[in-house]
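[1] Predicted coordinates and the sequence they were generated for:
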Amino acid sequence: MTRTLALCADDYGLAPAIDHGILGLLAAGRLSALSCLVNGAAWPAAARPLRALPAAARAGVGLHLNLTEGRPLTAALAARWPVLPPLPRLIALAHLRRLPLAAIRAEWQAQLAAFEQASGQPPAHLDGHQHVHHLPQLRGLLLELLALRPGATARHTGRVLGPGYAVKRQLIAGTGGRVLGRRLQALGRAQNTALLGVYDFRGEGYRGLMQGWLAKLPARGALIFCHPGEGGAGDAIAPARARELAYLGSSAFADDLATAGVTIGQP
């Protein structure tokens with residue numbers, strides 16, 4: 001039986017070299033979706049090629065809501081956080097219910113507006129950079145954005161399948177993924193039913209991990225997130241991006257898909 005995999009490249013819009021690699025994979029049919037970071041200087045230029053994509057590819061373009069990378073778009077949040085905080089601090093503040101919610105609401109609305117203005121379309125899906133969209137307090141804001149865009153879905157991070165970095169998989173699901181997942185499924189707004197792709201960005205074993213993820217795919221509803229790109233100076237995971245890009249564009253990946261009986265498409 002053939003299974004369908006949604007393969008989504010995160011971090012589009014972060015840097016031109018990353019965007020170039022993602023667009024190449026998309027053109028080759030090696031991706032079904034991408035998620036865009038819009039609060040950086042690279043975003044306006046990155047959005048222009050998206051307008052020229054075929055309709056089927058545009059249907060997989062979503063917004064990567066960001067609170068942990070770069071600087072805020074809005075003055076209100078910049079007054080609190082001139083530079084966005086690291087993930088551990090954000091997780092702690094969310095679980096203590098101490099986030100500046102009004103300022104974050106305005107920031108995420110500004111990110112949504114920046115996405116739509118530059119790309120010329122509403123997002124097909126919403127998710128969070130480093131999965132922040134499922135954290136306490138923030139998941140309520142995500143549901144507010146979904147209410148504003150009835151056609152959009154959101155990434156379900158509550159069922160994270162292996163192999164790869166079991167502690168991180170448990171952290172993703174346990175910091176809010178399961179709670180948000182139940183809400184999304186009840187509303188019929190879940191982009192996926194299972195999430196794969198978690199690993200530590202180290203080592204040379206990406207193909208082996210992908211083979212394991214492909215073996216674990218359910219019959220339908222699976223999404224693997226990835227971070228391919230050409231990388232560059234200042235990018236903490238540049239070597240991992242390069243490895244992912246090389247593998248996903250290779251005949252080895254095509255062979256692994258065929259062996260597993262998997263095709264790339266929408267979940």
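    Thanks, I have the structure now. Numbering: from 1, shown residues only.

[2] ranges for the helices of the protein?
    Along the chain, counting by DSSP state H, helices occupy 16-27, 43-51, 55-58, 75-80, 87-95, 101-119, 138-148, 166-172, 178-187, 206-216, 238-248, 251-260.

[3] As TSV, the ones you listed with mean neighbour count, distance to residue 196 and mean pLDDT would be great.
    Just so you know, the C-beta spots here come from the backbone N, C-alpha and C atoms, and that holds for glycine as well. Below are the helices of the chain laid out as TSV (neighbours: other Cβ atoms under 10 Å; distance: least, Cβ to Cβ, whole Å; pLDDT from 0 to 100):
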stretch	mean neighbour count	distance to residue 196	mean pLDDT
helix 16-27	21	17	96
helix 43-51	17	25	97
helix 55-58	12	22	93
helix 75-80	15	32	98
helix 87-95	16	20	97
helix 101-119	19	25	98
helix 138-148	17	21	97
helix 166-172	15	9	85
helix 178-187	18	14	96
helix 206-216	18	4	95
helix 238-248	20	14	95
helix 251-260	14	12	97
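
[4] how about these, which one is nearest residue 198?
    Closest approach to residue 198 among the helices of the chain (Cβ to Cβ): helix 166-172, 5.0 Å.

[5] can you list contacts of the closest one?
    131, 134, 157, 160, 161, 162, 195, 198, 199, 200 (Cβ atoms under 8 Å, 6 or more residues apart in numbering).

[6] redo that, cut-off 6 Å
    The contact list for helix 166-172, computed with Cβ atoms under 6 Å, 6 or more residues apart in numbering, reads 131, 157, 160, 198.

[7] Equivalent analysis for stretch 141-149, please.
    With Cβ under 6 Å, 6+ apart as the criterion, stretch 141-149 contacts 105, 108, 122, 133, 152, 154, 189.

[8] hmm, which of these are the buried ones?
    Among the contacts of stretch 141-149, those buried by neighbour count (16 or more other Cβ atoms under 10 Å) are 105, 108, 122, 133, 152, 154, 189.

[9] mind listing which of the contacts of stretch 141-149 are in strands?
    Assigned to strands by DSSP state E, the following of these qualify: residue 154.

[10] Kindly indicate which of the contacts of stretch 141-149 lies nearest residue 206.
    residue 133 (25.0 Å).

[11] Skipping adjacent residues, who's closest to the closest one in space?
    Using Cβ to Cβ, 6 or more residues apart in numbering and skipping the chain neighbours, the partner closest in space to residue 133 is residue 142 (4.7 Å).

[12] For the one you found, give its distance to residue 153.
    Applying Cβ to Cβ, to the nearest Å, the value for residue 142 to residue 153 is 11 Å.

[13] Next: residue 181.
    For residue 181 relative to residue 153 (Cβ to Cβ), the value is 12 Å.
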